[in-house]
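J.: here is the input, now give the coordinates:
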Amino acid sequence: TVGRGLDGIGGAFIFGVCLAAAGDLFADPVERNRRIGIIASAGSIAIIAGQPLLTQVSAHAGWRWAVAATLVPPLVVLLGTRWLPSEALQAAEGRLWDSYRDRYRQVLASRETVWLLAVFIVMLSVWSAFSVYLGAYLETELRANANATSLIFLVSGVCFAAGSLIVPRVIERVPKRRANVTFATLLGINLLGAGVVYTSIPMVAVFVGVTALLGVSLYLTTGILLLDSLPEARGAVMALQSAGSEVGLALGAAWGGAVLVASNDNYVA
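T.: Reported below is the predicted structural model:
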């Protein structure tokens, strides 16, 4: 349990640093949005490939080697810093903690940024709760076996990765706020079909793919709006966005599971 907690902290830290670096290093909004999409897509691909890969390592070489294999990605990250632009490696002036405090104080003083952070946390909370619901629905209602469940989550990951690359191109042609509202509306309509329209494993696979595509679209457009809300503190904004994501995911898993237990039903519509 302790190891899993440390792993979560490390993963959130690395992802947050990547987003913060994208916010600070790319002044051009089009290029910055594309880089954010690539980061999100890379995270999705890592999740899709990482779990089966570690499962195979554990099956053939034992769990100790599987745990040891998790040291490889952080080492790759460290090596990757060699290719960062030189200005990214310059130390901040003044005391480190003073710089942190000033940046985060600046973020919290922006009402628009704080509201968008709150929206981000709620959005990730709903997504996490949906994942809990989906797992319960597949197991109890559809009696899906391990292969079917793995395939459905694979579809979700692939659509998430694809959406991460497509959305930055979309918002080059469509205003960000309009795109955000459109994605949120379509996602809400799609979710209404859970357990009603999507009642077979093939249909659930379609449902999950559409949900992942619209979900990542909403995630990215909200994140880009958040980034644009305070251009002078992009790094701090992106770091708080990453932290907010972890908070939202944890809260969603908690209340999603609680609702399932309290409802005493197979699924929550």
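J.: so which bits of whichever strand or helix holds F160 are buried?
T.: Using DSSP states H and E, F160 maps to helix 146-170. By 16 or more other Cβ atoms under 10 Å, the buried positions in helix 146-170 come out as 148-149, 152-153, 155-164, 166-168, 170. (Each C-beta comes from the backbone N, C-alpha and C, glycine too.)
J.: CA atoms of the helix or strand following it as PDB?
T.: Next helix or strand after helix 146-170 toward the C-terminus (DSSP H and E): helix 176-191. Coordinates of each C-alpha in helix 176-191 appear next as PDB, following Å, rounded to 0.1, in the frame of the first residue of the first chain:
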ATOM      1  CA  LYS A 176     -12.100  27.000 -27.300                       C
ATOM      2  CA  ARG A 177     -15.200  27.900 -25.200                       C
ATOM      3  CA  ARG A 178     -17.600  26.900 -27.900                       C
ATOM      4  CA  ALA A 179     -15.700  23.600 -28.300                       C
ATOM      5  CA  ASN A 180     -15.700  23.000 -24.500                       C
ATOM      6  CA  VAL A 181     -19.500  23.500 -24.200                       C
ATOM      7  CA  THR A 182     -20.100  21.300 -27.200                       C
ATOM      8  CA  PHE A 183     -18.000  18.500 -25.900                       C
ATOM      9  CA  ALA A 184     -19.600  18.800 -22.400                       C
ATOM     10  CA  THR A 185     -23.100  18.700 -24.000                       C
ATOM     11  CA  LEU A 186     -22.400  15.700 -26.200                       C
ATOM     12  CA  LEU A 187     -20.700  13.800 -23.300                       C
ATOM     13  CA  GLY A 188     -23.700  14.400 -21.100                       C
ATOM     14  CA  ILE A 189     -26.100  13.100 -23.700                       C
ATOM     15  CA  ASN A 190     -23.900  10.100 -24.300                       C
ATOM     16  CA  LEU A 191     -23.800   9.300 -20.500                       C
END
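J.: so what's the gap between helix 176-191 and the chain middle?
T.: On the basis of Cα atoms, centre = their mean, to the nearest Å, helix 176-191 sits 17 Å off its chain's mean C-alpha point.
J.: got it, and stretch 253-262?
T.: What separates the centre of stretch 253-262 from the centre of its chain is 21 Å, taken as Cα atoms, centre = their mean.
J.: about what we covered before: got the angle between the helix holding F160 and helix 176-191?
T.: Angle of helix 146-170 versus helix 176-191, following axes from the mean of the first three to the mean of the last three Cα atoms, to 10 degrees, is 160 degrees.
J.: where does this structure have low pLDDT?
T.: Across the chain, the ranges flagged by pLDDT under 70 are 1-13, 15-16, 19-20, 23, 44, 47-52, 55, 84-100, 146, 264-269.
J.: scan it for its longest helix.
T.: helix 29-61 (DSSP state H).
J.: so that helix versus helix 176-191, what angle?
T.: Calculated by the same axes, to 10 degrees, helix 29-61 forms an angle of 40 degrees with helix 176-191.
J.: other SSEs contacting helix 29-61?
T.: helix 2-25, helix 63-69, helix 146-170, helix 201-228 (3 or more Cβ pairs under 8 Å, 6 or more residues apart in numbering; DSSP states H and E).
J.: tell me which of these sits most buried.
T.: helix 201-228 (a mean of 21; mean count of other Cβ atoms under 10 Å).
J.: packing partners of that helix?
T.: helix 29-61, helix 111-140, helix 146-170, helix 176-191, helix 234-263.
J.: quick one: which of the ones you listed is nearest L214?
T.: Checking the helices and strands packed on helix 201-228 against L214 by Cβ to Cβ gives helix 176-191 as the closest, at 4.1 Å.
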